[in-house]
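J.: Give the three-dimensional model of this entry:
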Amino acid sequence: MTSIVPAEAVSSRAPDRAAHGPSGTARTLPAPLAPRARLLPSLAAVYRAQLSRARVARIPLLFVATFQSVGIMILMRGVVDGGSEARAVVAGSSVLVVAFVALNLLAQYFGQLRAGGGLDHYATLPVPPASVVLGAAGAYASFTVPGTLVTAVTGSVLFQLPMTHLWVLVAVIPLAGAALAGLGAALGLLAPRQELATLLGQLGMSAALLLGVLPADRMPEPVGWARDLLPSTYGVEALARSFDARPDWTAITLDLGVCSAVGVLSLAVATWAYRRAAVR
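T.: Numbering: from 1, shown residues only. Okay, the predicted model is just below:
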């Protein structure tokens, strides 16, 4: 005789079969995935990790960057007496410290990370790609603060420039650092080989040296066009204007605004480059 099983009984047995499988053996159900970490907490975590990791290795290089910039100002002191040229030399040498760390060293770091498979570690973490790029860029840019301050104060004393408005560095360092760090990260992530990433970082720092430290009015016009394309130029111009007796705050704000826009764009390109490199 055929027995009729109620539908309620069938539905109550279905989860039991799903849990034990068709043969009745126990089967482990997959655990639900944890929610993806939010941007700001993961950014803070990556920043602290990068800061503690690079503290010992990067501090000697920071001394090298500061010594290099101070040495350039001492050499230029024999050629430049004062005026707008002295302001350009001091501002360019100060921002050069940012370029050495944020552009050059960050390009080498991401190039090494990509070549050694370190991106695979970050790809397994439940953090947004932007937090990895921003955290590393912020940590490297933070190392530039002491050297930039020392260079700016030393240059002001050397060329007898007023230090009344040196607080402009509070805006110049993070904005120029963001623009150069984004560029450095993008170069390191897009370079097909680690050696090429190192070369591009060195070339970028050399461009910041030649186009940022040398007075703009002594450059040929085509070189001036290349200077306008360099992200750090606008930070240099903003800092140089702050040495005037009556600074043009409208021009300084405009320079910082351009530097900020370039920083957002370069960090966005670096984030895209990270996603592109992480999936390969």
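J.: residues near residue 260, how many?
T.: Neighbourhood size, residue 260 [other CB atoms under 10 Å]: 18. Any C-beta I mention is one placed from the backbone N, CA and C, and that applies to glycine too.
J.: The stretch 1-150 of the chain: helices as residue ranges?
T.: Using DSSP state H, counting those that start in this stretch, the helices found in the stretch 1-150 of the chain span residues 7-20, 39-77, 83-98, 106-115, 118-124, 129-142, 144-158.
J.: which stretch among those comes nearest residue 213?
T.: Nearest to residue 213 among the helices of the stretch 1-150 of the chain is helix 83-98 (3.6 Å), distances taken as CB to CB.
J.: Which positions within that closest one qualify as buried?
T.: 85-98 (16 or more other CB atoms under 10 Å).
J.: Looking at those residues, which is nearest residue 208?
T.: residue 96 (5.8 Å).
J.: wait, isn't the closest one in contact with residue 68?
T.: Yes. Counting by CB atoms under 8 Å, residue 96 does reach residue 68; the two are 7.4 Å apart.
J.: Can you check which residues contact both of those two?
T.: Listed as contacting both residue 96 and residue 68 by CB atoms under 8 Å, 6 or more residues apart in numbering is no residue at all.
J.: Was I right to think residue 92 contacts residue 214?
T.: Yes. Using CB under 8 Å, residue 92 is in contact with residue 214, at 7.3 Å.
J.: re the thing from before, now the buried residues of helix 83-98 as a markdown table including pLDDT?
T.: What follows is the buried residues of helix 83-98, written out as a markdown table (pLDDT from 0 to 100):
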| residue | pLDDT |
| --- | --- |
| 85 | 87 |
| 86 | 90 |
| 87 | 91 |
| 88 | 90 |
| 89 | 92 |
| 90 | 94 |
| 91 | 93 |
| 92 | 93 |
| 93 | 93 |
| 94 | 93 |
| 95 | 92 |
| 96 | 92 |
| 97 | 91 |
| 98 | 90 |
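J.: need those residues in a markdown table with distance to residue 232, can you?
T.: Supplementary listing: the buried residues of helix 83-98 in a markdown table, determined by distance: CB to CB, whole Å:
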| residue | distance to residue 232 |
| --- | --- |
| 85 | 18 |
| 86 | 19 |
| 87 | 16 |
| 88 | 13 |
| 89 | 14 |
| 90 | 14 |
| 91 | 10 |
| 92 | 8 |
| 93 | 12 |
| 94 | 10 |
| 95 | 5 |
| 96 | 8 |
| 97 | 11 |
| 98 | 7 |
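J.: so which two of the residues you listed are the farthest from each other?
T.: For these, the farthest-apart pair by CB to CB is 85 and 98; their separation is 21.0 Å.
J.: re earlier: need the helices of the stretch 1-150 of the chain in JSON lines with distance to residue 164, can you?
T.: What follows is the helices of the stretch 1-150 of the chain, written out as JSON lines (distance: least, CB to CB, whole Å):
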{"stretch": "helix 7-20", "distance to residue 164": "75"}
{"stretch": "helix 39-77", "distance to residue 164": "20"}
{"stretch": "helix 83-98", "distance to residue 164": "13"}
{"stretch": "helix 106-115", "distance to residue 164": "32"}
{"stretch": "helix 118-124", "distance to residue 164": "44"}
{"stretch": "helix 129-142", "distance to residue 164": "25"}
{"stretch": "helix 144-158", "distance to residue 164": "10"}
